[in-house]
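**Student:** What shape does this take:
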Amino acid sequence: MFSSYVRSRMILTETMRGMNDGLLNTADEGALPANDYDGFAAAYSAENDDSLANAYYERPAMLALAGDVSGRRVLDAGCGAGAMSAALHDRGAVVTGIDASAGMLDHASQRLGDEVDLRQADLNDPLPFNDSSFDDVIASLVLHYLEDWAPALSEMRRVLRPGGRLFASVDHPIVAYTIQEHRPNYFETTSYGFEWEFGGRRIPMRFWRRSLQQMLDEFASAGFRLTSITEPQPLTEARDLHPEDFARVTTSPCFLFFVLEAVHG
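**Tutor:** You can find the predicted model right below:
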């Protein structure tokens, strides 16, 4: 979420892949562990609905790439509070949403009711679906939470029918590299910590950065063929609503979008 992203205070500690020491000091009284969406689900849901990054940039860009989804079986992998699932449902898709956070799923359920099949599932684990259950998988800003993409991508490929589509958006690798004061080896997978601010509360986060080449290699290894890779612009109406963030996101990289096809066999 770029609005929170640009307000964040970068934590300069970096860890290389395989190290066990944490990025964030969560020993302070009242501190949250990194990526604890249950702890800030309400604040995240509210910001996600109208932030530049989500409402005027990532979500409309993803929906434009997906095109006509009427009648298609779509898995929203990492559905959060359900904004993307709602948009897909409104466009006629048969949507299933999964998320690891029970708190986020509670907000999604309040938004969607019985219109979308919502299930708690972790992308690091086998997905609770049969082979070829979906025509499309949407992985909207979720893969950069994972140190190892292989299990998640393998499962996404399994639950997609042959020829099905994966739409994935991630933090742009250049952004994740350049915002760190002590820059790591670009070609190695590294984790980095920072803090989002929601309503004056600082929320510790931890993402994993990998090179563009590694992303492409991991998609291919999982059985996907690249259809397109794009760096879209936000909707122009965001200029007046979020002028500072709009200026940043239209002049420097923020997110990277992939469209991939599940290869037969």
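
**Student:** Point out where this structure drops to low pLDDT.
**Tutor:** 1-48, 198-199, 265 (pLDDT under 70).

**Student:** for it, which strand is longest?
**Tutor:** Longest strand in the chain, counting residues (DSSP state E): strand 160-171.

**Student:** Nearest residue to the most centrally placed residue in the chain in space, please, no chain neighbours.
**Tutor:** Closest to where the C-alpha atoms of the chain average out (Cα atoms, centre = their mean) is residue 141, at 1.3 Å. Excluding its sequence neighbours, the residue lying closest to residue 141 (Cβ to Cβ, 6 or more residues apart in numbering) is residue 169, at 5.4 Å. Placement of C-beta: from N, CA and C, glycine included.

**Student:** Does the one you found touch residue 255 like I think?
**Tutor:** Yes - with contacts counted by Cβ atoms under 8 Å, residue 169 reaches residue 255, the gap being 5.2 Å.

**Student:** Could you pull out the residues contacting both of those two?
**Tutor:** Taking Cβ atoms under 8 Å, 6 or more residues apart in numbering as the contact rule, the neighbours common to residue 169 and residue 255 are 58, 61, 141.

**Student:** Next secondary structure after the helix or strand containing residue 106?
**Tutor:** Element membership for residue 106, per DSSP states H and E: helix 102-112. Later in the chain than helix 102-112, the nearest helix or strand by DSSP H and E is strand 117-120.

**Student:** Tell me the bridge partners for the residue nearest to residue 141.
**Tutor:** Listed beta-bridge partners, residue 169: residue 140, residue 257 (assigned using DSSP bridges).

**Student:** in the stretch 51-200 of the chain, which spans are strands?
**Tutor:** Using DSSP state E, counting those that start in this stretch, the strands of the stretch 51-200 of the chain run over residues 73-77, 94-99, 117-120, 134-140, 160-171, 190-198.

**Student:** Summarise which helices and strands the first one is packed against.
**Tutor:** So that's strand 73-77. Contacts defined by 3 or more Cβ pairs under 8 Å, 6 or more residues apart in numbering; DSSP states H and E place strand 73-77 against helix 83-90, strand 94-99, strand 134-140, helix 150-159.

**Student:** Which other helices and strands does the shortest one contact?
**Tutor:** Helices and strands in packing contact with strand 94-99 are listed as strand 73-77, helix 83-90, helix 102-112, strand 117-120; criterion 3+ Cβ pairs under 8 Å, 6+ apart.
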